[in-house]
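Chemist: here is the input, now give the coordinates:
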Amino acid sequence: MGMKKEKRHKIAGGLQTGLEKLRTDGVPIDDTSAGFVNVLNAHVGKGRETDLAIISLLGGIADPAALEALTSLETTVADKESKREIRRSLYRLTQRGICSPETGHAERSTEKPVYKLGPEIEGYLSSVDGAGGRLVWLAKPEAGSGMQLLQGAINDREGLVRFGGALIRRKELRRMAQDIKEKHGVTMISVPWEYADQILYEAYQGAKTSQPTGTEDFASLRAVFTSAKPKDSPHPVYSRLSLSEIRAGAWRESSRRLLEEVEFRLWILDEDWIQPYLEQAQDAQGSRLVLNQLQKEERLAGIVRDAVREIFSGERGKIFQRRMEDMALYLLETQREQQAQLALAVAVELGEGLGPLDISFLTGLVQKSVAFYLSREKEKAAEETSLIVKP
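Modeler: Now for the predicted structure:
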């Protein structure tokens, strides 16, 4: 056992030495583009350590050209350590969906029974932040090598913002979730993997449409889990809560209590959504007409009603419906069933388009957002005034 450990250290040392030599030669070893394969091929044969490093780097390039280069090296290298590194790199490529038909068939035939020992794919979801952002994870056990992880940061208006893939141990997955909870107060809840994949895929499609560059590698990373287009299925929260119960009682009035939950405290509507009503609110507050306080409050209330009716309808209403569905599931998984029912009641009402005017949560959110942006404008004006130098 000691000899094996010593050998592994020796291989790792040679690999590190090779990477340093490549870096010294000006090779951008962090590059994972398809074009980098040709750069690496040009350095093959300059030394055993650099060959080891090249083989390892090829395993991180999700492109058929990397597979071709590794297959070619497999027939030319002689030492056992390089051949082992080639097998590891080829395996890494198969995890990202890059493999020859024969290899792919072999992987499926040998690994499928192992996956039956536990869940094939796991899904995880964070709470929704005030701008509509979430973290989404897909995790899949890999036979004898830990878990394949796909991470995505998505926004329901911008699509897929960031993503990445890694092969990690389960204890690392738990540590990552714990770090997020300790640093940000956010729990990664378990969700059906099909739903996690669905929202990742939708975000990817949205980002690909709005900004074509930067999302090219997502499909190959996702192919480790599935290559099929997700089915359009109901949100999983609807199988967990009774629709007849969630809208029983005075839920419209009670829904305002959601704003007291820690996850909702930082929710502020996007500025471009609320901007058309800010000038109206400013005019109402600083009107030259002789208005008493009650009249000013009535005018502001009318502006808020207009904002609620217009913001939470159409496409924006659908966006907000999904936010509230996700939050309902999150609240349920974090042991807050009553709050989950209120959140889902709001989502259902938005989905049915019956009118959001008397939903106190939405009214409170608009009021809070208007107050936030008006306060920010006052602070900005005060700062600009303070910079004026009086003669």
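Chemist: just give me the longest helix of this structure.
Modeler: Taking DSSP state H as the criterion, the chain has its longest helix at helix 360-386.
Chemist: which strands or helices does that one pack on?
Modeler: Here helix 360-386 touches helix 251-254, helix 271-285, helix 293-311, helix 337-352, going by 3 or more Cβ pairs under 8 Å, 6 or more residues apart in numbering; DSSP states H and E. Placement of C-beta: from N, CA and C, glycine included.
Chemist: and the ones you listed: which comes nearest Ala69?
Modeler: helix 271-285 (47.7 Å; Cβ to Cβ).
Chemist: for the closest one, buried residues please.
Modeler: 273-274, 277-278, 280-281, 284 (16 or more other Cβ atoms under 10 Å).
Chemist: ok, stretch 34-50 next?
Modeler: Result for stretch 34-50 [16+ other Cβ under 10 Å]: buried residues 36-37, 39-41, 43-44, 49-50.
Chemist: out of those residues, which are inside helices?
Modeler: With DSSP H as the criterion, helices contain 36-37, 39-41, 49-50 from among the buried residues of stretch 34-50.
Chemist: where do the strands sit along this structure?
Modeler: Ranges of strands within the chain are 122-125, 133-142, 146-155, 159-168, 189-191, based on DSSP state E.
Chemist: same list (the buried residues of stretch 34-50) but as TSV, adding pLDDT and distance to Leu259.
Modeler: As requested, the buried residues of stretch 34-50 are exported to TSV (pLDDT from 0 to 100; distance: Cβ to Cβ, whole Å):
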residue	pLDDT	distance to Leu259
Phe36	86	50
Val37	86	53
Val39	87	54
Leu40	88	55
Asn41	86	59
His43	86	59
Val44	86	61
Glu49	86	60
Thr50	87	59
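Chemist: okay, the residues you listed in a markdown table with distance to Trp267 next?
Modeler: Listed next are the buried residues of stretch 34-50 as a markdown table, based on distance: Cβ to Cβ, whole Å:
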| residue | distance to Trp267 |
| --- | --- |
| Phe36 | 43 |
| Val37 | 46 |
| Val39 | 47 |
| Leu40 | 48 |
| Asn41 | 52 |
| His43 | 52 |
| Val44 | 55 |
| Glu49 | 54 |
| Thr50 | 53 |
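Chemist: and the gap between the closest residue to Gln282 other than its chain neighbours and Ile29?
Modeler: Once flanking residues are discounted, Gln282 sits nearest to Leu374: 6.6 Å by Cβ to Cβ, 6 or more residues apart in numbering. When distance is defined by Cβ to Cβ, to the nearest Å, Leu374 is 51 Å away from Ile29.
Chemist: hmm, back to that, what is the nearest of the buried residues of stretch 34-50 to Thr334?
Modeler: For the buried residues of stretch 34-50, with Thr334 as the reference and Cβ to Cβ as the criterion, the closest is Phe36, at 43.3 Å.
Chemist: distance of the closest one relative to Ile29?
Modeler: 9 Å.
Chemist: between the two, which contacts overlap?
Modeler: Leu57 (Cβ atoms under 8 Å, 6 or more residues apart in numbering).
Chemist: just to revisit the earlier point, burial of the residue nearest to Gln282, as a residue count?
Modeler: The local packing of Leu374 (other Cβ atoms under 10 Å) involves 15 other residues.
Chemist: kindly report the same for Glu315.
Modeler: 8.
Chemist: perfect, that will be all.
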